[in-house]
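# sequence unavailable; structure follows:
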């Protein structure tokens, strides 16, 4: 069974930038974004994927991912996906034995930065980098699918 | 641009059966079934497909289809798709220059039989077989995605 196990954090500062090995720009949208099922179209410079995710169960969820023809992904993003699209730059940051992903959001979510680490097992030990702050793994506001309906720019500063 | 152009009919009688060349059993379910976007998982004996359809515009709609690993399709049908699943046997019936598909539904849609013909162009001429009755191409009740929410067994006999 395909499964994604992921922990997600806010950032304390910008010191991760000097450690980033590479980055990619993503444009992604949702064909479905219900609590039970998410269907995502993601386009980067030279690849596109369709991803299906089940309901989150703590930090685990079912996940299936398939490559898409780029022209199909572009059409689906333009014609079928919910608005607004999610735009972000993803930085790949090796730390300890793991490859962290730091997402710097743009567009309606500009100002939001999130760090993620994917695990093989929920209890897997990992080194927590000093630039990582509060954990938000189980806070649905930070699910990318929810950042379409409630983008970061619409969040009030007092909570 | 990928597009599906399809006309759909009720059946007048059973005489198509003697013309059927082959048939396949389908089990299919929906990850999304909104008016704007449908995401379908379809499993037959030896193949599985993920299909994404846009909003119907008369008899036309956007359509994208990709093969799926059978084990993934089985998991998605069991764990992620809306209930009930659609079960049907599809008969392939050559008539004139076209290959008609006659769907005999089972489960919660038992009793419903629909004939479809796929066209390359909305104005394409085709021979209407004598066993074909009322056209229901633009009647949303007969969209398979809607047969999940409102299965045939729940329809009242007086309309």
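Everything's here; your move. The structure presented is a predicted model; accordingly, all values stated were derived computationally and were not measured. Numbering: from 1, shown residues only, chains lettered A, B, ... in the order given.
# show me which strand runs longest in chain A.
Longest strand in chain A by number of residues (criterion: DSSP state E): strand A:22-33.
# for that strand, give the mean pLDDT please.
For strand A:22-33, mean pLDDT rounds to 97.
# neighbouring strands - and their directions - for that strand?
strand A:37-43 (antiparallel), strand A:86-95 (antiparallel) (DSSP bridges).
# what sits against residue A:129?
By Cβ atoms under 8 Å, 6 or more residues apart in numbering or on different chains, the residues touching residue A:129 are A:16, A:93, A:95, A:96, A:100, A:115. In short, each C-beta sits where N, CA and C put it, glycine included.
# how far away is the second one from residue B:89?
In this structure, residue A:93 and residue B:89 are 53 Å apart, going by Cβ to Cβ, to the nearest Å.
# of those two, who's got more company?
Counted by other Cβ atoms under 10 Å in any protein chain shown, residue A:93 and residue B:89 do not tie: residue A:93 has more neighbours, with 22 against 14.
# which residue does chain A bring closest to chain B?
residue A:32 (3.5 Å; Cβ to the nearest Cβ).
# ok, back up a step: mean neighbour count, the strands paired with strand A:22-33: which tops it?
Neighbour counts (mean count of other Cβ atoms under 10 Å in any protein chain shown) averaged over each of those peak at strand A:37-43, with a mean of 23.
# give me the contacts around that strand.
Contact with strand A:37-43 is made by A:26-33, A:48-55, A:68, A:70, A:73-74, A:76-77, A:80-81, A:143-145, B:31-32, B:39, B:80, as judged by Cβ under 8 Å, 6+ apart.
# ok, then the element right after it?
Following strand A:37-43 in sequence order, the next helix or strand is strand A:48-54 (DSSP states H and E).
# check which element follows that next one along the chain.
Per DSSP H and E, the first helix or strand lying C-terminal to strand A:48-54 is strand A:60-67.
# which strands and helices sit next to that following strand?
When contacts are defined as 3 or more Cβ pairs under 8 Å, 6 or more residues apart in numbering or on different chains; DSSP states H and E, strand A:60-67 packs onto strand A:3-11, strand A:48-54, helix B:70-79.
# reformat these into CSV and put mean pLDDT next to each item.
Formatted as CSV, the helices and strands packed on strand A:60-67 follow (pLDDT from 0 to 100):
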stretch, mean pLDDT
strand A:3-11, 96
strand A:48-54, 98
helix B:70-79, 97
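# tell me the pLDDT of the spatially most central residue of chain A.
The centre of chain A sits closest to residue A:144, judged by Cα atoms, centre = their mean, with a distance of 5.7 Å. Looking at residue A:144, its pLDDT reads 94.
# now what about the worst-scoring helix or strand of chain A on mean pLDDT, what contacts it?
None of the helices or strands of chain A scores lower by mean pLDDT, DSSP states H and E than helix A:146-149, at a mean of 94. Applying Cβ under 8 Å, 6+ apart, the contact partners of helix A:146-149 are A:29-30, A:33, A:82-86, A:105, A:108-109, A:112, A:140.
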